[in-house]
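Undergrad: Below are the sequence and a predicted model for it; my questions follow.
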Amino acid sequence: MNQKFGAAKQPTGTPSLAWSSVVVIFSLLAGASVVHNIYKPNLTLPAVENVDETKKKQPLINKE
């Protein structure tokens, strides 16, 4: 037993971590694409005038 403690080959990192990160990002984007193609949500923003009118119509909340 002439080998010193810790003299084994040093780890260089796991390439599987990089691939798993790529797979996770790809699957998230693919899932979002599928959901948006099925449900087709309306992502248009309302005009600024409509937001102001909506705020005026909402009742004020009393904070006690």
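TA: Alright, I've got the coordinates. Residues are numbered from 1 along each chain as shown.
Undergrad: And for Val35, the neighbour number?
TA: As a burial measure, Val35 scores 11 neighbours (other Cβ atoms under 10 Å). In this view, the C-beta of every residue, glycine as well, is placed from N, C-alpha and C.
Undergrad: Quick check: it vs Val23, distance?
TA: 18 Å (Cβ to Cβ, to the nearest Å).
Undergrad: Ok, Leu43 next?
TA: With Cβ to Cβ as the criterion, Leu43 and Val23 are 27 Å apart.
Undergrad: Who has more neighbours out of these two?
TA: Taking other Cβ under 10 Å, Leu43 and Val23 do not tie; Val23 has more neighbours (11 against 6).
Undergrad: Now do Ala18: how many residues are near it, please.
TA: With other Cβ under 10 Å as criterion, Ala18 counts 10.
Undergrad: From here on, call the first residue 416.
TA: Taking 416 as the first residue, the last one we looked at is Ala433.
Undergrad: dump the residue contacts of it.
TA: Residues near Ala433 by Cβ atoms under 8 Å, 6 or more residues apart in numbering: none.
Undergrad: Look up how far Ile453 lies from it.
TA: Relative to Ile453, Ala433 is positioned 31 Å away (Cβ to Cβ).
Undergrad: quick check: mean pLDDT across the helix or strand hosting His451?
TA: Using DSSP states H and E, the element containing His451 is helix 430-454. Per-residue pLDDT values over helix 430-454 give a mean of 90.
Undergrad: try stretch 462-478
TA: Averaging pLDDT along stretch 462-478 yields 65.
Undergrad: Would you mind giving both backbone torsions of Pro456?
TA: The phi/psi pair for Pro456 (degrees, to the nearest 10) reads phi -70, psi 150.
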